[in-house]
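> Sequence plus the predicted model coming up.
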Amino acid sequence: MDNGLIDVKDKALVFVQEYCGEHCRVFQDGKELHGVTGVRITADEGEPTYHEIEYLTGKTNRKNKIPEFRG
């Protein structure tokens, strides 16, 4: 896209971390995942990409969203 933004609607997995050490945003199948505490991505050329996403129980919906860490 010309504005430098990624259209997440048609992507299987999008991981966004704007600055080192800040909370990340993860989109899967066009929807943002909430309550994510960790992401592990394994991607080798010519192989399927595997990802593990860790959640904090009870924080997976928008109304209970975990505040971003600003350390």
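Yep, that arrived.
> do you know how far the closest residue to Ala12 other than its chain neighbours is from Asp10?
Nearest residue to Ala12, sequence neighbours excluded (Cβ to Cβ, 6 or more residues apart in numbering): Asp29, at 6.3 Å. Yep, even glycine has a C-beta here, placed from its N, CA and C like the rest. Distance, Asp29 to Asp10, by Cβ to Cβ, to the nearest Å: 9 Å.
> pLDDT score assigned to the residue nearest to Ala12?
Each residue has a pLDDT score; the one for Asp29 is 88.
> isn't it right up against Val14?
No - if you go by Cβ atoms under 8 Å, Asp29 and Val14 don't touch, sitting 9.9 Å apart.
> neighbour-wise, which of Asp29 and Asp10 wins?
Neighbours per residue (other Cβ atoms under 10 Å) separate Asp29 from Asp10, with Asp29 holding more: 12 against 7.
> Can you tell me the SS state at Lys9?
Put simply, Lys9 is helix when judged by DSSP: H, G, I helix; E, B strand; the rest coil.
> what residues are up against the closest residue to it other than its chain neighbours?
Nearest residue to Lys9 in three dimensions, chain neighbours excluded: Gly30, at 4.4 Å (Cβ to Cβ, 6+ apart). By Cβ atoms under 8 Å, 6 or more residues apart in numbering, the contact set of Gly30 is Val8, Lys9, Asp10, Lys11.
> try it again with 10 Å
Asp7, Val8, Lys9, Asp10, Lys11, Ala12, Val14 (Cβ atoms under 10 Å, 6 or more residues apart in numbering).
> Kindly supply the PyMOL command isolating those of these that are buried.
The PyMOL command for the buried members of these (criterion: 16 or more other Cβ atoms under 10 Å) is given here:
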select buried, resi 8+14
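> which pair in the contacts of Gly30 spans the largest distance?
Asp7 and Ala12 (13.0 Å; Cβ to Cβ).
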